[in-house]
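Enquirer: 3D, please:
(one chain, ligands or ions: 1)
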Amino acid sequence: MSRTDITDRAAAAAVPAQRGVLTTQAWLQVPSAAPGVLRVRPLTGEATASYVQRLATAYRLTLPQLLHGAGIALTGHGNLPAAELHLNHNAAQHLAGLTRTPLPHLTRALPRLVTDDDTHHTAAIARWKRLEAGQQPVRACTLCTRHRSQNATDTAWVHPAPHRLMCPRHQQAAPDPRLTSTVRTWAVPELVTAHHTHQRLLRHPRATTAWTAARAITTRWYDHQQHLTHRWHTRLTRLCATNPHLTTTHSASPTLLARDLVTYPETITFARTLTTLPRQQHPSVGHTLSLIAHRLGLPRLASNANGPLRALLTPTR
Ligand SMILES: [Zn+2]
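Expert: Here you go, the predicted structure:
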């Protein structure tokens, strides 16, 4: 059977006569578990393992049972967020057939789908792979997840994109993979403002460069307790007061777990200021520093006090 056959027939599997295509033992355990019966849409940036797990939960199967039922062989063991599920091309095709979602749509939503594309394999294979700490997904907004899971679960993991640090609609964020619950952000409303400013900033051609530079500086200030310490401490205290799990349930300190969130408004203000600096004529470092200080609501920024900031603003181009 060719790959196209599998997809086409799986896509048509709601038609009773063709239901047998992907039906194996796992499906037979649950009478309603025909492919495509339950619509479980992927979240943007969702980890492959998270989507497969939500799908399994919706069908009341375990993850191995679901893969088995979809004709995908599973190797290894793993858990979110420390490991990710890698599917080869044929397995991704099977998943697309099962969810009745065209593969290009699925690939767009699931950034890690088909990362190791061994197309020479005719078998459909899924493999658990460990992820480095910096590569691990974070918890997605529980309400968005519930909405996209037929109410079956509120747990999902997404690979973080800088401009999707929080859900502005439900005021939740998970700035660190070590957080097993999301952080409720309603006590810090400036985060929503920062989120919207960030979306507008993305239209600027230098948005990514500016954000990266700004985040490096604010992270350094935060770690070295410089310039904005009082403001950030107040914000962190508010987040901790409304999210007891930040202080109680984790091995890492809330200071570290919430860092990206606490500094987010200033990171975005900083990034935005950087994109407004004229590119060709080089304004004096002193002038730029006072502009940044003004935008951040600081009386001043000493020009010699901060190596990285000075390096960033001193033209080398
Ligand atoms: Zn949400």
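
Enquirer: Could you pull out the buried residues of the helix or strand that contains Thr237?
Expert: Using DSSP states H and E, Thr237 falls within helix 229-242. Buried residues in helix 229-242, defined by neighbour count with 16 or more other C-beta atoms under 10 Å: Arg231, Trp232, Arg235, Leu236, Leu239, Cys240. Where C-beta positions appear, they are placed from N, C-alpha and C, glycine not excepted.

Enquirer: Same list, the residues you listed, but as TSV with pLDDT and distance to the ion please.
Expert: Below are those laid out as TSV (pLDDT from 0 to 100; distance: C-beta to the ion, whole Å):
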residue	pLDDT	distance to the ion
Arg231	97	26
Trp232	97	25
Arg235	97	21
Leu236	97	22
Leu239	97	17
Cys240	96	22
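
Enquirer: nearest to Ile217, of those?
Expert: Taking C-beta to C-beta as the measure, Ile217 lies nearest Trp232 of these, at 13.4 Å.

Enquirer: Low-confidence stretches in the chain?
Expert: 1-37, 115-121, 249-250, 279-283, 303-308, 314-317 (pLDDT under 70).

Enquirer: which residue ranges form the strands in it?
Expert: Residue ranges of the strands in the chain, as given by DSSP state E, are 73-75, 83-87, 125-130, 138-139, 157-158, 166-167, 172-173, 183-184.

Enquirer: Might you enumerate the residues of the chain proximal to the ion?
Expert: Counting by C-beta under 5 Å from the ion, the chain comes close to the ion at Cys141, Leu143, Cys144, Cys167, Arg169, His170.

Enquirer: how far away is the nearest residue to His204 once chain neighbours are set aside from the ion?
Expert: What sits nearest to His204 in space, not counting adjacent residues and going by C-beta to C-beta, 6 or more residues apart in numbering, is Thr275, at 4.6 Å. To the ion, Thr275 is 28 Å away according to C-beta to the ion, to the nearest Å.

Enquirer: Which two of the buried residues of helix 229-242 have the greatest separation?
Expert: Arg231 and Cys240 (15.2 Å).

Enquirer: Roughly how far does Val138 sit from the ion?
Expert: In terms of C-beta to the ion, Val138 sits 13 Å off from the ion.

Enquirer: residues contacting that residue?
Expert: Pro81, Trp157, Val158, His159, Pro160, Ala174, Pro175, Asp176, Pro177, Leu179 (C-beta atoms under 8 Å, 6 or more residues apart in numbering).
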